[in-house]
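In: Output the structure for:
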Amino acid sequence: MNANRPAMSDRAGVALAVAAIVVTFAGALAITHLRNPSNPGRHTRAAVAGRGVEVTTALYTTQSGQAIYVIADVSIVNNGDEAVAYIGMACSDPVTVEFRSTTPDPAGPPYSSSAAALRARIMQSRRSLDGPLEFTDEAPPNAAGKTAGCDESAPPILPPHQRFAYRQRAELVLGGTVWVDAPTTDVVATLELGDVPASTAPPLPIVRTDTIEVRTPLRQVASYTRASRAELVVTSQRFDAVMKDAAASAWIDAQEPSSWGEAELRESGSEWTMKAFNRGYALPLVATAAGKTVVVRIPHERASSPVESEPVIPAGAFMRSANYIPLRDLYVGDLVLPSGSVMVGDPAESYSMLTFDLGLQPGKYPVHVVTARPRYLGDDWARVAWESLTLSKRPVTHWQPAIPIGHSAKELKPGDVFVWGTDGGTGGFGSPEAVKVIDAGVGADQPLEDELFDRERANDYQWAFLTVDSRNGANAFACESGFGDGGYPVFVGLDDQDRPAMLLSDFSVLDMDYGGIHAQ
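Out: Next up, the predicted model:
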């Protein structure tokens with residue numbers, strides 16, 4: 001399961017009753033013919049049991065307009081006499097359904113264990129070009145206790161002798177674009193079972209004990225074929241070209257195989273770029289090619305580690321969330337404000353940032369991020385709950401909406417607060433001086449916003465700093481914005497003399513309330 005994967009769009013499906021789909025692309029006037037893409041009369045059913053729990057998947061296809069979907073009707077029955085915990089969140093669908101390619105990676109040279117691990121990650125990233133990786137829920141669970149009134153704070157369990165049913169779907173064809181190749185793709189439904197740890201406060205993650213996997217070849221319900229966009233053979237050749245660079249291969253071989261993070265290879269015509277993140281470094285390894293010329297940029301800046309402490313709910317605020325709990329408080333570094341003014345929002349989308357003049361002196365101000373995780377899930381599910389800028393050493397006693405430059409408190413109704421927006425899933429802080437430099441580089445070959453995003457990815461999207469002006473030290477900070485795109489409020493924490501002590505932007509993960517102002 002991947003908590004950070006975005007959901008696909010949801011559209012109603014109807015039975016597929018045509019033998020061919022003809023789609024005209026606007027502008028290009030290209031026509032795609034799909035002969036016998038799927039058969040509405042073809043259904044398949046498979047079941048797998050483990051630990052007394054049986055998972056059954058019924059697979060078929062439907063069509064709505066120019067979209068063709070594959071539907072997975074999944075049912076779960078706990079046939080045992082005891083409740084069984086699952087890896088997931090209470091009141092949610094415990095099954096993950098996804099496409100998996102059955103095409104093997106092409107054979108390669110006998111690389112080191114580190115190079116082989118990196119190559120495997122790049123190959124896996126290329127496979128995602130063939131379409132959506134996960135299905136999305138189309139209908140809610142149908143068993144009592146799993147809908148209205150469900151206790152989201154309880155352990156995620158399957159009660160004995162109850163059946164739960166879920167309908168999930170994914171796009172096979174959309175607007176003439178075919179996403180997956182039926183002969184080389186399986187639909188895999190996975191249920192991970194576990195044990196609930198002994199009672200603790202806060203609760204510990206459930207320990208995985210068993211995995212039930214129902215694998216169904218897509219060709220049993222869909223018969224069309226398509227060429228893979230992953231081009232794994234070409235990808236292998238391009239990786240080989242990077243390894244022919246002596247300095248790059250020596251650096252790659254020297255890394256621990258388990259230290260590799262995200263890796264990808266993207267192309268545009270004859271040009272391509274490989275980017276690979278290693279947890280020991282602040283920036284990725286980057287290889288770019290135009291024709292047969294490959295240029296490799298090896299990172300040298302070592303990764304830094306934030307200072308961790310136990311998270312504390314700010315004074316004067318309280319948490320409402322039933323299914324997320326605070327995980328860590330990370331002091332990640334200092335924001336430099338050359339003039340004392342500060343901007344809050346996505347540094348790559350400065351038009352939506354808010355600027356504040358809180359009477360601060362020019363200088364450095366500590367930045368903290370507080371992360372949160374679902375009650376019974378581990379660190380892999382963590383999200384940033386809020387970002388804060390410490391303005392003084394005096395403790396916060398109460399909160400009020402932060403008023404940006406160009407606005408006044410008179411614009412706010414009771415309970416209102418000013419918000420900034422993002423469609424890049426990123427929040428952050430910056431000074432006007434730093435953001436101006438970032439804006440000036442938009443459209444350049446290597447814009448600063450790309451480097452800031454790379455630094456964020458290197459830290460699992462939880463934090464990143466980028467100094468953009470060595471003369472005054474102006475820098476920008478970025479982190480993931482909770483659950484992604486949206487609008488997020490900004491609050492100022494005041495001390496007992498009504499002086500600003502903290503600037504905070506909340507990401508709606510812990511359902512916080514700041515002095516009567518709900519942050520959702």
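
In: pretty sure P404 is in a helix, no?
Out: No: the assignment for P404 is coil, going by DSSP: H, G, I helix; E, B strand; the rest coil, so no helix is present there.

In: what's the burial count for it?
Out: By other Cβ atoms under 10 Å, the residues close to P404 number 18. No exception for glycine: its C-beta is placed from N, CA and C like everyone else's.

In: go on, A402?
Out: 22.

In: residues contacting it?
Out: When contacts are counted by Cβ atoms under 8 Å, 6 or more residues apart in numbering, A402 touches 344, 354, 356, 358, 417-418, 490-492, 503.

In: Show me those residues that map onto strands.
Out: Members of the contacts of A402 lying in strands (criterion: DSSP state E): 344, 354, 356, 490-492, 503.

In: Can you verify my assumption that V286 contacts W272?
Out: No: here V286 does not reach W272: they are 11.4 Å apart, not a contact under Cβ atoms under 8 Å.

In: so what are the domain limits for the chain?
Out: 14-103+129-220, 232-297, 307-518 (automatic domain parsing).

In: how about JSON lines for those, with distance to A120 added?
Out: Converted to JSON lines, the domains of the chain look like this (distance: least, Cβ to Cβ, whole Å):
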{"stretch": "domain 14-103+129-220", "distance to A120": "13"}
{"stretch": "domain 232-297", "distance to A120": "9"}
{"stretch": "domain 307-518", "distance to A120": "19"}
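
In: Tell me which of the ones you listed sits most buried.
Out: With neighbours taken as mean count of other Cβ atoms under 10 Å, those reach their highest mean count in domain 307-518, at a mean of 19.

In: just how off-centre is the longest strand seen in the chain within its chain?
Out: Determined from DSSP E, the single longest strand within the chain is strand 324-337. Distance, stretch centre to chain centre, for strand 324-337: 19 Å (Cα atoms, centre = their mean, to the nearest Å).

In: What average pLDDT does it get?
Out: Taken as a whole, strand 324-337 has an average pLDDT of 97.

In: State the paired neighbours of it in the sheet, together with their directions.
Out: Take DSSP bridges as the rule and strand 324-337 pairs in its sheet with strand 307-309 (antiparallel), strand 363-374 (antiparallel).

In: just to revisit the earlier point, of all the contacts of A402, which two lie farthest apart?
Out: Longest distance between any two of these is 15.6 Å, between L358 and V417; criterion Cβ to Cβ.

In: Any chance of the backbone angles for R45?
Out: phi -140, psi 140 (degrees, to the nearest 10).

In: so it touches Y60, yeah?
Out: No: with contact defined as Cβ under 8 Å, R45 does not count as touching Y60 (9.6 Å).

In: one step back: let me have the strands paired with strand 324-337 in CSV, adding mean pLDDT and distance to W381 as columns.
Out: As requested, those are exported to CSV (pLDDT from 0 to 100; distance: least, Cβ to Cβ, whole Å):
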stretch, mean pLDDT, distance to W381
strand 307-309, 97, 18
strand 363-374, 98, 5
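
In: Indicate which one of those strands is closest to V70.
Out: It is, among the strands paired with strand 324-337 and with distance given as Cβ to Cβ, strand 363-374, at 28.3 Å.

In: Just the CA trace of that closest one, in PDB.
Out: Output of strand 363-374 as PDB, limited to C-alpha atoms (Å, rounded to 0.1, in the frame of the first residue of the first chain):
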ATOM      1  CA  GLY A 363      17.900  37.400  10.800                       C
ATOM      2  CA  LYS A 364      17.500  33.600  11.100                       C
ATOM      3  CA  TYR A 365      14.400  31.900  12.300                       C
ATOM      4  CA  PRO A 366      14.000  28.200  13.200                       C
ATOM      5  CA  VAL A 367      11.700  26.100  11.000                       C
ATOM      6  CA  HIS A 368       9.900  23.000  12.400                       C
ATOM      7  CA  VAL A 369       7.700  20.400  10.700                       C
ATOM      8  CA  VAL A 370       5.500  18.100  12.700                       C
ATOM      9  CA  THR A 371       4.600  14.800  11.100                       C
ATOM     10  CA  ALA A 372       1.700  12.500  11.800                       C
ATOM     11  CA  ARG A 373       0.800   8.900  11.000                       C
ATOM     12  CA  PRO A 374      -2.400   6.800  11.000                       C
END
